[in-house]
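S.K.: any chance you can model this:
(chains A and B)
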2 protein chains.
Amino acid sequence: MARLQITDIEALRANSAPLPLTVAPVTSSDNFKSHYTQSHQLAKRWESHFSAESQHFQGSEFKQTSSPAGKRRIITLGTGRPTAEYYPWESLSFKAHDVLTEISNGTGNPYITTECTIPKYGDAYNLSVGLNYGRSAGSPHLLRFLTEHIELVHNPPYRDWGVFLSCGATAAFEAALRIFCNRGDTILTERHTYPGSLEAAVLNGLQVYAADMDADGLIPEALEGLLICWDKSLGPKPRVLYTIPTGQNPTGFSQPTERRKAIYNIAEKHDLIIIEDDPYYFLRLGDYTPGKESEMSAKVFADESVPSYLSLDTSGRVVRLDSASKILSPGLRAGWVTASSQVIDKFLAYQDVTTVAVNGPSQLMLWSLLDCTWGHDGFAKWLVHLSAGYQRRRDIMLRACDCYLPHEIAHWVPPRYGMFLWISVDWTKHPTFENNLSSTPRTAGVNPDGLDHELQTLEARVLAESLEAGVLVAKGSLFSAARNVGAQRELNFRMTFAAAEEDDLEEGVRLFGEVLKKEFGLTGISAV
Amino acid sequence: MARLQITDIEALRANSAPLPLTVAPVTSSDNFKSHYTQSHQLAKRWESHFSAESQHFQGSEFKQTSSPAGKRRIITLGTGRPTAEYYPWESLSFKAHDVLTEISNGTGNPYITTECTIPKYGDAYNLSVGLNYGRSAGSPHLLRFLTEHIELVHNPPYRDWGVFLSCGATAAFEAALRIFCNRGDTILTERHTYPGSLEAAVLNGLQVYAADMDADGLIPEALEGLLICWDKSLGPKPRVLYTIPTGQNPTGFSQPTERRKAIYNIAEKHDLIIIEDDPYYFLRLGDYTPGKESEMSAKVFADESVPSYLSLDTSGRVVRLDSASKILSPGLRAGWVTASSQVIDKFLAYQDVTTVAVNGPSQLMLWSLLDCTWGHDGFAKWLVHLSAGYQRRRDIMLRACDCYLPHEIAHWVPPRYGMFLWISVDWTKHPTFENNLSSTPRTAGVNPDGLDHELQTLEARVLAESLEAGVLVAKGSLFSAARNVGAQRELNFRMTFAAAEEDDLEEGVRLFGEVLKKEFGLTGISAV
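M.R.: Below is the predicted model:
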């Protein structure tokens, strides 16, 4: 079916109304969607999925009526939005990578640096607008780019989808819980997941039930098992699935296309909202073959594309959370959410009375770079560049793991996406447990509580010894969502290749490997 | 009693540990308070005031343990904070007013413009830190300045107060409701108040009971009346008072010192948390005398100082919300909250799982301007400059009101603080009501519902006619918190002198005056 292409963007924009340059203009992603979207069916209605709290919440009437529309000049004595005369900043500039102009300087940044200046006034988006109050949806200037981006990349297969700018995916997830869940409800997640999300669930009085994972991420049958056997005495049947489908945090696992389709079908059958938390979608690392140089190019990047849940979403049941954190910078505190417009309206209502809007400097920086400097082509180039960098870092870490981790006890799956590597350690081979277990089957015969306590002690000890040796890794138990699957009988550690200096990655893994070997009494026997 | 002075700051900083320059360092305002604070008593304990939701909520263990402390170099494979190598921005610069160097160029900005550049790396707070993830409390660099600022200005009279950086006062207020209130609780406010706050209360399932105001703001006896007569069938006795004490939104009224003390005493007696929403505290306008030029200077500014609730708070029951919006710029989405450290810990916990931290560009811009360029002296100069500008605008508006509003029906109190002017209109003199009321006392004998409907219609009509004439004012009913005092029998309009071009203020008021005169059949008879 015909869909929006980058080459259509210029005409799409030329045929649309010019972007408003007033303070806090009313805007909507509907203004920026292409005519292709009109041929799709409408989303289902989601009223029955809203929480008691959000059901009737419309946001701020005050804010929604405070910007007069139309072209007539109005003297505004209405809203307390202080004039830009009284902002002490007169202009904002930055230097950034111009991905459109490559240079070959041997190492490091392959791009020239370009300077952008945003003045206080003028006939483009500027400080007098960007540093004033903004609307919950975002500035039309940035929202246009991101709406186009969503259509170009995900092309949601229903008509009435919308996008808004969120204050980061963490804030958006917490708002999603408030929008869809009542206290006492249960949400479904992967067996291991992002602790910040678990903590937000706890805050909102929610139970978390986890479905098992394998190296392809969430297992559809495990998910459906939870739903089919749902015992009403546990509370209402879950209506929300939270999943990190690509380069999952913490495991680095990614769901293949078929699995996504199977999970979407389960969501259709059991009428689940899918919260798709997908910050690693564009960090594409491809294959890893020991001893072979990995390859990254626009073609490899495109070949590694995997359909998002949003792109499969014929019913409008997906709430897709994107984030600037992993592909541009975390400090911007900016992301974007795509969902059916019914759901987006609820997010806007919550943002009205909490964070109001994404901060202006970040919006200006994003707009100036993405829209004015790079364009959609340039943004795609940046993502390929980024993927090449993360691929190189991943390869360094994987080679170090091959070399320094004790293969007798440590296992991992080379991640194809994202920034995480999940090291599973066979705790049964630890001297403490091996002795205790010697006369019994390895998975039975030991008091579960005692065992778990010992496992926790072991995990903490490995962490402390690693830190003592000079390397920080993350304890696997921090990511355990397994309230429903009993106490944990696993020993895992998460490592990331995103944060350290590239030159330190190998040494970090080596130090961690030494700790594991020493702890498991394997010194000297695991060199490969 | 001896307290911190600006002249002490240099020594205070010299004797403190150097600011950390690691990514997302653990920090606390405790690091930046002076020794003077040690002589005060501790705050009371507030556990009993926390909501069921917040009572046991500790925030993100994950985030709290993700930054190793100490000086040893640690290779971090632990936390997914992407390296600054992969942020496309290489430096951030801005031009801003250097308030320390005045120039006399006749009109407008009396300061030279200075340029500040924040590089990606280096031995000061920079983009590699500021554009990475940050901690909930804020960056130590900015938090230090703001902690000093709070102590210099408010000098809280108890020991264990704390400050953190919030994503604006709106977000902080909504979090405060979650921290202190259970659904079904009632909070107390002023008779007219900020609608965004009312809407946040509705979202959280709270009732709002309002106490009457006069030209000095909230009336202590009215507040106490609500508490003394509290009927338990209405729900638990209120534990939270929300007040905007200075340049109140929407009325522009300000509480004099004695009234603040009386209200604080009532809070002590009835054990209320006071949420002090005080964004207009530094917009000091002083006296207005018709026909006389108002005066602003550092001395007038200092003389207009009024004690904040925080500065009266011996028990630690005040939650003070400051905002950058009205004194620096709204688009930063940044503010700071001061309260007892028990309460600050709850705010930090909520921020951990929602907005995470104030965005980096705003923190960098604030730090670079306030701390590196202006210092505390310069910030004070800026606030005097700002007050002079708002004073001039207020005077223009008040002179226009004197000249163009119909005095027979419109009344107002010249505001001494803030940016708002509240116009009360005597609706009983409107032809519709005058005829209906001619044979009965003016406040009785008419079906209240019918009357209120007619009043709302009149209010909407004045608004629509004003907009048609080319001026936007705000309807008074938007600000009505009066759920407990029956339907509204007032006709008010809020005007602000903060937003329009200065040259348009007079014309805006003139247009509004014409609408009022026409609506009330007063054309031609009110010229003064």
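
S.K.: rest of the way, CA atoms for contacts and neighbours
M.R.: Noted.

S.K.: where does the residue nearest to A:Pro140 when sequence neighbours are not counted fall, phi/psi-wise?
M.R.: Closest residue to A:Pro140 apart from its sequence neighbours, by CA to CA, 6 or more residues apart in numbering or on different chains: A:Thr27 at 5.9 Å. Main-chain dihedrals, A:Thr27, degrees, to the nearest 10: phi -150, psi 170.

S.K.: run a quick neighbour tally on A:Thr27.
M.R.: 20 (other CA atoms under 10 Å in any protein chain shown).

S.K.: residue contacts, it?
M.R.: A:135, A:137-140 (CA atoms under 8 Å, 6 or more residues apart in numbering or on different chains).

S.K.: mind putting those into a markdown table with secondary structure?
M.R.: Below are the contacts of A:Thr27 laid out as a markdown table (DSSP: H, G, I helix; E, B strand; the rest coil):
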| residue | secondary structure |
| --- | --- |
| A:Arg135 | coil |
| A:Ala137 | coil |
| A:Gly138 | coil |
| A:Ser139 | coil |
| A:Pro140 | helix |
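
S.K.: now render those as JSON lines, adding neighbour count and pLDDT.
M.R.: Shown next, in JSON lines, are the contacts of A:Thr27 (neighbours: other CA atoms under 10 Å in any protein chain shown; pLDDT from 0 to 100):
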{"residue": "A:Arg135", "neighbour count": "24", "pLDDT": "94"}
{"residue": "A:Ala137", "neighbour count": "30", "pLDDT": "97"}
{"residue": "A:Gly138", "neighbour count": "28", "pLDDT": "97"}
{"residue": "A:Ser139", "neighbour count": "30", "pLDDT": "97"}
{"residue": "A:Pro140", "neighbour count": "26", "pLDDT": "97"}
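
S.K.: and of the residues you listed, the nearest to chain B?
M.R.: Chain B lies nearest to A:Arg135 out of the contacts of A:Thr27, by CA to the nearest CA, at 10.4 Å.

S.K.: surely the closest one meets A:Thr355?
M.R.: No. Taking CA atoms under 8 Å as the definition, A:Arg135 is not a contact partner of A:Thr355, at 10.4 Å.

S.K.: measure A:Glu85 to chain B for me?
M.R.: 8 Å (CA to the nearest CA, to the nearest Å).

S.K.: what's the answer for A:Ser466, then?
M.R.: 10 Å.

S.K.: what's around that residue, how many residues?
M.R.: So A:Ser466, with other CA under 10 Å, has 23 neighbours.

S.K.: with A:Ile112 instead?
M.R.: 16.

S.K.: shouldn't it be within a helix?
M.R.: No. Checked against three-state DSSP, A:Ile112 lies outside a helix; its state is strand.

S.K.: show me what it is bridged to.
M.R.: A:Ile112 has these beta-bridge partners by DSSP bridges: A:Asp98.

S.K.: ditto for A:Asp214
M.R.: A:Gly217.

S.K.: then A:Arg320?
M.R.: Residues in beta-bridge contact with A:Arg320 (DSSP bridges): A:Glu276, A:Thr338.

S.K.: what number of residues lie near it?
M.R.: 25.

S.K.: ditto for A:Met397
M.R.: Once other CA under 10 Å is used to define contacts, A:Met397 is seen to have 26 neighbours.

S.K.: repeat for A:Tyr111
M.R.: Neighbour number of A:Tyr111 under other CA under 10 Å is 16.

S.K.: against B:Thr76, how distant is the residue in the stretch 401-528 of chain A that chain B sits nearest to?
M.R.: Across the stretch 401-528 of chain A, the shortest distance to chain B (CA to the nearest CA) belongs to A:Val473, at 3.9 Å. Distance, A:Val473 to B:Thr76, by CA to CA, to the nearest Å: 7 Å.

S.K.: higher neighbour count, these two?
M.R.: B:Thr76 (27 against 23).

S.K.: show me what from the stretch 101-250 of chain A comes close to chain B.
M.R.: The stretch 101-250 of chain A has residues A:113, A:130-134, A:167-168, A:170-174, A:195-197, A:199-200, A:203-205 near chain B, with proximity defined as CA under 8 Å from any CA of the partner chain.

S.K.: residues contacting the closest residue to A:Ser136 other than its chain neighbours?
M.R.: For A:Ser136, ignoring the flanking residues on the chain, the nearest one in space by CA to CA, 6+ apart is A:Ala357 at 4.6 Å. Contacts for A:Ala357 (CA under 8 Å, 6+ apart) come out as A:133-138, A:165-167, A:351, B:333.
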